[in-house]
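Novice: quick check, what structure comes out for this input:
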Amino acid sequence: IDPQADTILRELTVDANPTGLDLTPDQDLLFVASGGAFGTNGSVPIVNTNTFTEVANINNVVAGPQQVLVSSNGKRAFVSSIQSPSEMCEAGRSSGISVLDVEARVSLYQTPAEELDSVGGLAATGDGARVFGFSLCTNALYRVSEVDAMFNLDTQTFGGVSRSSGISLNETGSELYLLHPHALAVVNPETLDVIETISGRGAGPMRLALSQDDSTLFASLSGRNEVVAVSTTGGPIAWRQRLGSRPFSLSVGPLTGALYVSSPGFFWTPDDRVFQMNSATGNFIEKAHPSFKGPVIIKAISVIDKEFALVGSTGDFTNHLDNDGGSNKIGIISQWDPVGGAVEEVVKFPDMDDQSFLTGEPIEQDIQQENIIRPKVLKDFQGQPELKENLAVFIQATREREEALDHVFISGPPGLGKTTLAG
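Specialist: Numbering: from 1, shown residues only. Sure, this is the predicted structure:
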């Protein structure tokens with residue numbers, strides 16, 4: 001999608017419901033966990049982001065792919081799975097982690113069948129030699145290590161039952177952060193022992209976020225309607241801030257370092273809102289309480305030196321689960337400007353029973369939006385300074401001669417502005 005305009009740029013249909021996405025470091029390939037929510041089969045399609053076409057599909061992965069994570073060196077990708085919801089957190093279910101070779105586009109390893117339980121969150125070291133998975137049901141931590149093309153599985157169980165999947169590894173790989181029942185834990189990734197626990201009954205931890213310098217860990221505690229900040233070097237809680245509704249997703253601003261929080265209420269109350277907070281003090285900077293209707297995802301982004309928050313809303317979640325187990329309710333992605341306070345609807349995903357949404361024919365709204373976002377004059381075109389300079393000379397010369405411009409052939413890979421310049 002284009003985050004600055006109400007338009008979907010490209011679409012691609014994959015084998016099953018996509019539930020997880022991650023890019024390679026060069027952003028040329030997109031790995032997709034395609035197994036449907038709590039599916040029993042599935043695959044990992046690999047998409048070329050320049051052409052937005054599927055270039056490979058890895059089928060021999062763990063059943064029911066849920067999340068996918070590419071290591072920061074771009075050599076390995078990891079897939080976690082959760083199986084059928086009717087079996088979730090009951091005896092007899094199975095889950096797992098797959099290790100993929102990014103360059104060869106093959107599966108290298110799968111954890112033994114029925115040894116892992118409902119793996120939700122994933123975290124990996126930068127070199128891709130270790131991946132950590134956290135169980136949604138048994139509160140077990142799994143570690144898959146790769147040494148000389150051999151793989152080893154270790155398990156550490158903390159006890160209790162959790163529905164949370166918050167897991168994060170700091171930049172140096174020296175500390176692993178987990179959300180488990182009523183607590184936030186700091187774990188040694190070498191020994192899998194808990195270094196420190198910040199607990200409180202009924203805290204209901206949901207999501208984690210790290211500050212830009214890795215010095216502070218933020219956690220949303222929905223059971224207490226609180227967001228807390230903890231130093232990653234230890235010590236007491238740095239600050240805690242109580243919200244008017246239950247916090248869910250967290251994101252740190254790439255320009256300001258501010259903390260963005262989505263709060264859908266549960267299940268979803270009229271208290272739906274989003275917040276921008278001072279990450280050093282926990283004080284509120286801005287609040288927004290528009291009709292988000294279930295803002296479960298928030299992601300801070302920067303566009304041309306300005307910071308925005310993209311907010312993903314489910315709609316009325318209480319009406320989502322119909323008797324047939326599914327829903328076609330509308331979901332919305334909005335752009336929130338915390339400085340100006342404006343909330344703009346970026347993309348509305350329509351009722352999927354409307355088959356016109358799936359056709360390849362342009363519709364009037366698409367044509368109008370495309371005409372709005374394309375620059376009308378050469379000086380407004382961003383990038384390609386040498387090409388713009390040459391074109392400006394050609395155009396000015398033909399105007400002075402009162403002649404038509406000779407044929408101009410513009411070639412290059414997708415995304416460089418050929419169509420825009422031609423217009």
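
Novice: could you pull out the strands in the stretch 251-400 of the chain for me?
Specialist: Along the stretch 251-400 of the chain, counting by DSSP state E, counting those that start in this stretch, strands occupy 259-263, 273-277, 284-288, 295-303, 306-313, 331-336, 343-349.

Novice: got those strands as CSV, with mean pLDDT, distance to residue 206 and mean neighbour count columns?
Specialist: Where you see a C-beta, it was placed from the backbone N, CA and C, and this is true even at glycine. Output for the strands of the stretch 251-400 of the chain, formatted as CSV (pLDDT from 0 to 100; distance: least, C-beta to C-beta, whole Å; neighbours: other C-beta atoms under 10 Å):
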stretch, mean pLDDT, distance to residue 206, mean neighbour count
strand 259-263, 91, 10, 27
strand 273-277, 89, 14, 23
strand 284-288, 85, 19, 16
strand 295-303, 83, 10, 19
strand 306-313, 84, 15, 22
strand 331-336, 74, 19, 20
strand 343-349, 68, 23, 16
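
Novice: can you redo those strands as JSON lines with distance to residue 414?
Specialist: Listed next are the strands of the stretch 251-400 of the chain as JSON lines, based on distance: least, C-beta to C-beta, whole Å:
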{"stretch": "strand 259-263", "distance to residue 414": "31"}
{"stretch": "strand 273-277", "distance to residue 414": "34"}
{"stretch": "strand 284-288", "distance to residue 414": "35"}
{"stretch": "strand 295-303", "distance to residue 414": "20"}
{"stretch": "strand 306-313", "distance to residue 414": "23"}
{"stretch": "strand 331-336", "distance to residue 414": "23"}
{"stretch": "strand 343-349", "distance to residue 414": "21"}
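
Novice: and those: which comes nearest residue 9?
Specialist: Nearest to residue 9, of all those, is strand 343-349, at 10.2 Å by C-beta to C-beta.

Novice: so for residue 123, which of the strands of the stretch 251-400 of the chain sits nearest?
Specialist: strand 295-303 (18.2 Å).

Novice: tell me the strands beside that closest one, with direction?
Specialist: Strand 295-303 has the following strand partners under DSSP bridges: strand 306-313 (antiparallel).

Novice: what does the strand it pairs with contact?
Specialist: The contact list for strand 306-313 (C-beta atoms under 8 Å, 6 or more residues apart in numbering) reads 3, 251, 253-256, 258, 260, 262, 264, 272, 274, 276, 292-302, 331-338, 346.

Novice: tilt between it and strand 331-336?
Specialist: On the basis of axes from the mean of the first three to the mean of the last three C-alpha atoms, to 10 degrees, strand 306-313 is oriented at 160 degrees to strand 331-336.

Novice: next, the angle from strand 306-313 to strand 284-288.
Specialist: For strand 306-313 against strand 284-288, the angle by the same axes, to 10 degrees is 50 degrees.

Novice: can you dump the C-alpha atoms of strand 306-313 in PDB for me?
Specialist: Extracted as PDB, the C-alpha positions of strand 306-313 are listed here (Å, rounded to 0.1, in the frame of the first residue of the first chain):
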ATOM      1  CA  LYS A 306       8.000  13.700   9.500                       C
ATOM      2  CA  GLU A 307       6.800  11.000  11.900                       C
ATOM      3  CA  PHE A 308       3.500   9.300  11.600                       C
ATOM      4  CA  ALA A 309       1.800   6.300  13.100                       C
ATOM      5  CA  LEU A 310       0.100   3.600  11.000                       C
ATOM      6  CA  VAL A 311      -2.800   2.100  13.000                       C
ATOM      7  CA  GLY A 312      -4.400  -1.200  12.000                       C
ATOM      8  CA  SER A 313      -8.000  -1.600  13.300                       C
END
